[in-house]
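Colleague: here is the input, now give the coordinates:
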Amino acid sequence: MYCQVYIKDDRLFVNFDGTSIVYDKLSFDLGDAATDFAALPETVYGFVFEKFKDAFLALYYNLATYDDTLITLKNLAVATSSVNTYFNFYIDNFIMYLMRLHGHEQRNLIPVLAVNFLIDGGKDAGLKGVDILNPKIAANSGFEVFMNDLKKRQTRLKEDFDAIASNSDEFAKFIPDSVMGR
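Modeller: Here you go, the predicted structure:
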């Protein structure tokens, strides 16, 4: 899965496989968020995903309306959004995925971005073939996809940090001459 994230004119652009979404007027320190995300323990995000999944299934089986379910999950998202900027992106997409299960008539609300991330996200990462009519199976499958993808991205980020920190001589050629005093 191809992913690109960049900031331009106070907007965050996120692209997955050629489709994109834009977040307006964001302000946060990406460096700190990236290092925090790389070190975020699996127990923390596993616990958060479980809470969202459990809340969704409870509402689903108690026949809550689509709007009530969405409001509840959004309130949970607000409560957990301070954990990490990058992780918050996962939570937003997890909510969109769970809401997709809640009503077939609401599927048009899911951005193409989330569909690409969840359904078309790679040979072994996507949710193709998940039984959408059985919410418990589908929610558990979604949980696994998000957990696995998050772990893979954390591992890649840690490897990048290790490479930069341990091979500073190799990266010197990428630093502008003006910074190096040349």
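Colleague: mind listing the helices for the protein?
Modeller: 30-39, 42-61, 66-80, 85-102, 112-118, 135-166, 168-171, 177-180 (DSSP state H).
Colleague: now render those helices as a markdown table, adding mean neighbour count and mean pLDDT.
Modeller: Bear in mind the C-beta positions are built from the backbone N, C-alpha and C, glycine included. Output for the helices of the chain, formatted as a markdown table (neighbours: other CB atoms under 10 Å; pLDDT from 0 to 100):
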| stretch | mean neighbour count | mean pLDDT |
| --- | --- | --- |
| helix 30-39 | 15 | 77 |
| helix 42-61 | 16 | 92 |
| helix 66-80 | 15 | 87 |
| helix 85-102 | 20 | 81 |
| helix 112-118 | 21 | 64 |
| helix 135-166 | 15 | 83 |
| helix 168-171 | 10 | 64 |
| helix 177-180 | 8 | 54 |
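Colleague: contacts only, for the residue nearest to residue 38 when sequence neighbours are not counted.
Modeller: Spatially, and ignoring its direct neighbours in sequence, residue 38 is nearest to residue 157 (4.4 Å; CB to CB, 6 or more residues apart in numbering). When the contact criterion is CB atoms under 8 Å, 6 or more residues apart in numbering, the partners of residue 157 are 34, 37-38.
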